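**Q** Sequence first, then the predicted structure:
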Amino acid sequence: DFVISNLTLQWCNPEKVAKEVARVLKPNGLFMFTTLGPDTLKELRAAFRAIDDKPHVNKFVDMHDIGDILVHSGFADPVMDQEIITLTYAELKPLMKELKGIGAHNVQSGRSTGLIGRDRWQRMITAYEVFRKDERLPATYEVVYGHAWKPEFMKRKTIDGQQTIDINEFKRMIGKS
């Protein structure tokens, strides 16, 4: 049994996803995924901070926190890794167009829902220019890779650190010995 997710987890609630994947996986099933980490689009985030304090770029979960979420959802042996990939652009507009084209949008609460206006857009472009190197503007992506196993005998931890065991899994386990 196998569940794979490629660059979609960043749009979801990670706790709910981990619990649902743990629910649908068979014992000894494998969950493999990629998602985006907190350094993703760090230049764009910094440039937007120059014009206001509203969140214009999504917050992405750190790989260590994802590993903890997997453990708390009952997974065993989570393995996490990350890779920094930097794409470059001659101008900012193609990056913004590309993000829009792939359907990337800001899902944070408190985000600005209106247009930013010509003056603020120009200030944001100017702020992004500080990152220019070799006549190119960088766009950083922190790609997080991970996998974890659903153990034969699931243990679930509660918030206070106690572990619970599903009675049906316990009965099934006893029946095997």
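**A** Here it is on my side, so go on.
**Q** By average pLDDT, which secondary structure element in the chain comes out worst?
**A** Within the chain, no helix or strand scores below strand 155-157, which has a mean of 57 by mean pLDDT, DSSP states H and E.
**Q** SS state for Ile51?
**A** coil (DSSP: H, G, I helix; E, B strand; the rest coil).
**Q** what about the residue nearest to it when sequence neighbours are not counted, how many neighbours?
**A** Leaving out its chain neighbours, the residue that sits closest to Ile51 by C-beta to C-beta, 6 or more residues apart in numbering is Arg120, at 4.7 Å. Heads up, the C-betas are built off the backbone N, CA and C, glycines and all. Using other C-beta atoms under 10 Å, Arg120 has 15 neighbouring residues.
**Q** after the host helix or strand of Glu98, next one along is what?
**A** Assigned by DSSP states H and E, Glu98 falls within helix 92-101. Next along the chain after helix 92-101, taking DSSP H and E as the criterion, comes helix 118-128.
**Q** What angle do helix 92-101 and that next one make with each other?
**A** 100 degrees (axes from the mean of the first three to the mean of the last three C-alpha atoms, to 10 degrees).
**Q** Distance from the chain centre to helix 118-128, please.
**A** Relative to the chain's own centre, helix 118-128 is displaced by 27 Å; criterion: C-alpha atoms, centre = their mean, to the nearest Å.
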